[in-house]
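Engineer: coordinates only, sequence not included:
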């Protein structure tokens, strides 16, 4: 996955479009709607059974994904801004709402993600600068230390604002709305 192309060209989708995907417990794609396939430029047979990280853009800080997976594995939902990579190397931004999927007994069986067009002012003023900083921290040392330091920085940003991550996201979305 490391040698995939990056074009630095941004793709956009309509405000009323909804990107939907579902994964199993290991993050392998079990469902992708037509909007997902169109923006990411994949055919259904190319994504089913593949890790969701297939669309991961290298500009995304690992600390954000760690927070996302930790939250989901604790049985909680999460909202997150994510920069994804299309098959040809273009990118597109989303605000993702990811929830655990449960069976009739309440056991987590996978994950469901709905993604919408994010607010551009939030991206430009808050998310992109924060993600650049977190990524730079991650790249200063080895993978383990970089991730630890990036997670500490993200925790510090939240602590400075006196907010948990979900409150931070809700707060910036409320201010933009």
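Structural biologist: Looks like it came in fine. Computed from a predicted model, the values in this text were never measured in an experiment.

Engineer: which parts of this protein are strands?
Structural biologist: 19-23, 29-32, 78-85, 91-102, 108-116 (DSSP state E).

Engineer: from the chain's centroid, how far away is the fourth one?
Structural biologist: Taking the mean of its C-alpha atoms, strand 91-102 sits 6 Å from the chain's own mean (CA atoms, centre = their mean, to the nearest Å).

Engineer: most centrally placed residue in this protein?
Structural biologist: With distances taken as CA atoms, centre = their mean, the residue of the chain nearest its centroid is residue 82 (3.6 Å).

Engineer: show me what contacts it?
Structural biologist: 60, 64, 93, 94, 95, 96, 115 (CB atoms under 8 Å, 6 or more residues apart in numbering). C-beta here means a position set from N, CA and C on the backbone, and glycine is covered the same way.

Engineer: my guess is the third one contacts residue 122. True?
Structural biologist: Think residue 93. No. Counting by CB atoms under 8 Å, residue 93 sits too far from residue 122 to count as a contact (9.8 Å).

Engineer: between the two, which contacts overlap?
Structural biologist: residue 81.

Engineer: who's more crowded, the two?
Structural biologist: residue 93 (22 against 19; other CB atoms under 10 Å).

Engineer: for the residue in the chain sticking out farthest from the centre, give me the pLDDT.
Structural biologist: In the chain, residue 105 marks the outermost C-alpha relative to the chain mean, sitting 28.0 Å out by CA atoms, centre = their mean. Per-residue pLDDT puts residue 105 at 97.

Engineer: got the phi and psi for it?
Structural biologist: phi -90, psi 0 (degrees, to the nearest 10).

Engineer: wait, what's in contact with the residue nearest to residue 46 when sequence neighbours are not counted?
Structural biologist: With CB to CB, 6 or more residues apart in numbering as the criterion, residue 46 has its nearest non-adjacent residue at 7.8 Å, and that residue is residue 87. Residue 87 sits next to 40, 41, 42, 46 when contact means CB under 8 Å, 6+ apart.

Engineer: so the second one touches residue 91, yeah?
Structural biologist: Pointing back at residue 41 there. No. Between residue 41 and residue 91 there is no contact under CB under 8 Å: 11.6 Å.

Engineer: can you mark which positions in the longest helix along the chain are buried?
Structural biologist: Longest helix of the chain, by residue count under DSSP state H: helix 143-161. Within helix 143-161, the residues scored as buried using 16 or more other CB atoms under 10 Å are 146, 147, 148, 149, 150, 151, 153, 154, 158.
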